[in-house]
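Peer 1: Model the following, please.
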Amino acid sequence: SVARLVALSQSLTGSKRDVAALVALEASMRAPSAATDGAMMGALYSEPSFLGDLRPPFAVQHVDMGRDGRTLWGNPASLGDPVIRIDLEDATTTMFEVPGQGELAVTSVVPVDDRRLLVVFDDYTGGDAGRQLHLVDVETGTPLATAELDAFIVDLQINPSGDQVVVTTVGDSDTAASVVVFDLPGLQLVADVEQPGPIELLVGQSWYSFSTWIDDDLIAVGSTSGRIMIWQPASGEVMKRIKGPPAPGVGQVANRLVVSTDGSTLVAADYFADGSHGDGMMAFDLATGTAKWESPRVVNPMLAIDQERYIVYAQEAGPGSSRLFSFDLTTGQRLERILDGQHGSACSVAVTPDGNRLMLATCNDTSISMWALDGTTPAGQPLAGPGWVTGWNMWAFDGSQVALYDPDGNMVVRDSATGEQLPAPQDLDFDAWSW
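Peer 2: Numbering: from 1, shown residues only. As a prediction, the model looks like this:
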């Protein structure tokens, strides 16, 4: 019965969180209710590093961290929807109508600071909107600068100092993709270069790969050919070629790129125009240009690096996974930790500048799950010990009280500030709990 599934899920949360969540999910699918929702959230919140969910008013395609780590920006998934900014201190959401957007979709949003954004629009009809890069002030609704490119823009990244942006465009079977650097805030051209290697696309096919800053001086440039180069915009010179042509045992991993903050390691992953993920993910030593692992790791190309603990997170291979697996950045060994918000397909990931929190957005609903990478949370002393669980619907509306299940499955109510046990509200039905 559903009641037995809920009880089983609650009994497993302290020891087998993944199984507890799956049991709670089964119960919720059979009979959605406050009890089954509570069991699911209890399983999620039993993970010590899970900090909870942010809930913007609509789904976002991509999230990008504010440069000071206090805000999270998201571009909407639908035509005409505004850009959102989430304050990570109090979880408040502000919506901004971007000047010039109209009924266009916002396909890229990269914050320069708390009010200025780099934005790319698209109307999904092949028009010129997707070839233009805009700098806007969303607080005043003022357009500040625009740059025109020859091809559709696929990715933007600002350098560590915040005075330049690298723009990567889409390539096709006749034309190599371009990597273009502009200054900020004027969007004046600094330098450009074509992606490395031959164009390995079918006739009429178009595709993309990414570029990423190593530091203020150098950029790692990927390609659809599996080749990676290190480029210096100031001189226009290619300083090093990481791999090319792809060597046996290394894989054609050059689509998605991320660099450790100490500039020592580049992680690259596949994603091909036919929708396949090829060889997966490989790490490279930027000093020597050689592969660090014995072989690629089979994952989807959604990547984030935990610099302090030298871990790389990557989405589980296969379509639509909600899970990020962890790997040792030095050896490539798969680690035990899994980040799973349980809300559907992982869509985008961002890490705070201090490296302590990871934000994981989903494509299926409006949730953005928050994870502590450093093993700590902004909370005070624990309200209960190991084996106790709670859920989002078990808090009083004013946050002053919370109901918890003890390890034996009994429910108690506690003061959220002091942890003191309180008498339960009069006539409370513990079997159908929801405040």
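Peer 1: and the nearest residue to E97 once chain neighbours are set aside, how many residues sit next to it?
Peer 2: Spatial nearest neighbour of E97, excluding adjacent residues (C-beta to C-beta, 6 or more residues apart in numbering): P82 at 5.0 Å. Quick note: C-beta positions are derived from backbone N, CA and C, even for glycine. Close neighbours of P82, defined as other C-beta atoms under 10 Å, add up to 17.
Peer 1: which residues in the stretch 101-250 of the chain form helices?
Peer 2: For the stretch 101-250 of the chain, applying DSSP state H, counting those that start in this stretch gives no helices.
Peer 1: shaky segments in it?
Peer 2: Residue ranges of the stretch 101-250 of the chain with pLDDT under 70: 244-249.
Peer 1: cool, and the stretch 251-400 of the chain?
Peer 2: Scanning the stretch 251-400 of the chain for pLDDT under 70 picks out 251, 271-279, 341-343, 375-383, 385-386, 390-400.
Peer 1: which residues touch S321?
Peer 2: Contacts for S321 (C-beta atoms under 8 Å, 6 or more residues apart in numbering) come out as 300, 315, 345-346.
Peer 1: So it: helix, strand or coil?
Peer 2: Assigned state for S321: coil (three-state reduction, DSSP: H, G, I helix; E, B strand; the rest coil).
Peer 1: That one and C347, how far apart?
Peer 2: The spacing between S321 and C347, counted by C-beta to C-beta, to the nearest Å, is 11 Å.
Peer 1: Name the nearest residue to V238, sequence neighbours excluded.
Peer 2: According to C-beta to C-beta, 6+ apart, the nearest residue to V238 is M229 (5.1 Å).
Peer 1: actually D415, not the one I typed
Peer 2: Excluding the flanking residues, the one nearest D415 by C-beta to C-beta, 6+ apart is L422, at 5.8 Å.
Peer 1: Give me the neighbour count for the one you found.
Peer 2: 14.
Peer 1: Renumber starting at 24 from here on
Peer 2: Sure thing, new numbering starts at 24, so read that last one as L445.
Peer 1: one step back: the residue nearest to V261 and W96, how far apart?
Peer 2: With distances taken as C-beta to C-beta, M252 is found 30 Å from W96.
Peer 1: And for T59?
Peer 2: In this view, T59 and W96 are 34 Å apart by C-beta to C-beta.
Peer 1: From the centroid of the protein, which residue is nearest?
Peer 2: V372 (0.6 Å; C-alpha atoms, centre = their mean).
Peer 1: So the residue nearest to V261 is in contact with E260, correct?
Peer 2: No: assessed by C-beta atoms under 8 Å, M252 is found out of contact with E260, at 10.3 Å.
Peer 1: more crowded one of the two?
Peer 2: Legend: neighbour count by other C-beta under 10 Å for M252 and E260, higher for M252 (24 against 12).
Peer 1: Bridged to the more buried one, which residues?
Peer 2: Counting by DSSP bridges, M252 is bridged to V244, R264.
Peer 1: How about the contacts made by it?
Peer 2: Going by C-beta under 8 Å, 6+ apart, M252 touches 219, 243-244, 261, 263-265, 267.
Peer 1: Distance check, it against G245.
Peer 2: Distance from M252 to G245, by C-beta to C-beta: 9 Å.
Peer 1: I'd assumed M325 was in contact with V281.
Peer 2: No: between V281 and M325 there is no contact under C-beta under 8 Å: 10.0 Å.
Peer 1: Show me which of those two is the more surrounded one.
Peer 2: V281 (24 against 21).
Peer 1: Beyond the host helix or strand of the more buried one, next helix or strand please.
Peer 2: Using DSSP states H and E, V281 sits within strand 279-282. Tracing the chain past strand 279-282, the next element assigned as helix or strand by DSSP H and E is strand 288-292.
Peer 1: Show me which positions of the helix or strand following that next one end up buried.
Peer 2: Note on strand 288-292: by DSSP H and E, the next helix or strand toward the C-terminus is strand 304-308. Buried residues in strand 304-308, counted by 16 or more other C-beta atoms under 10 Å: 304-307.
Peer 1: For R27, grab the count of nearby residues.
Peer 2: By the measure other C-beta under 10 Å, the count of residues near R27 is 10.
Peer 1: On the three-state scheme, it is what?
Peer 2: R27, by the three-state scheme (three-state DSSP), is helix.
Peer 1: That one and V42: what is the separation?
Peer 2: For R27, the distance to V42 - C-beta to C-beta - is 15 Å.
Peer 1: Repeat that for Q275.
Peer 2: When distance is defined by C-beta to C-beta, Q275 is 37 Å away from V42.
Peer 1: These two - which one has more neighbours?
Peer 2: Applying other C-beta under 10 Å to Q275 and V42 shows that Q275 carries more neighbours, namely 21 against 14.
Peer 1: Pull the number of nearby residues for the closest residue to the more buried one other than its chain neighbours.
Peer 2: Leaving aside its sequence neighbours, Q275 sits nearest to G249 (C-beta to C-beta, 6+ apart; 3.4 Å). Neighbours of G249 under the rule other C-beta under 10 Å: 26.
Peer 1: So the closest residue in space to G432 that isn't next to it in sequence, which state does it fall into?
Peer 2: Leaving aside its chain neighbours, G432 sits nearest to Q33 (5.6 Å; criterion: C-beta to C-beta, 6+ apart). Three-state assignment for Q33 (three-state DSSP): helix.
Peer 1: pretty sure Q33 is in contact with A58, am I right?
Peer 2: No: counting by C-beta under 8 Å, Q33 does not reach A58; the two are 9.9 Å apart.
Peer 1: so what's the residue nearest to E120 up against?
Peer 2: 99, 118-121, 124.
Peer 1: pLDDT at it, what is it?
Peer 2: Per-residue pLDDT puts P105 at 88.
Peer 1: can you tell me how far it sits from G249?
Peer 2: From P105 over to G249 the distance is 39 Å, taken as C-beta to C-beta.
Peer 1: How about P166?
Peer 2: 39 Å.
Peer 1: Could I get the buried residue list for the longest helix belonging to the chain?
Peer 2: Of all the elements of type helix in the chain, the one with the most residues (DSSP state H) is helix 40-53. Residues of helix 40-53 classed as buried: 40, 43-48, 50-51 (neighbour count, 16+ other C-beta under 10 Å).
Peer 1: Using CSV, lay out the residues you listed together with distance to D113.
Peer 2: What follows is the buried residues of helix 40-53, written out as CSV (distance: C-beta to C-beta, whole Å):
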residue, distance to D113
R40, 28
A43, 30
A44, 28
L45, 33
V46, 34
A47, 29
L48, 30
A50, 33
S51, 29
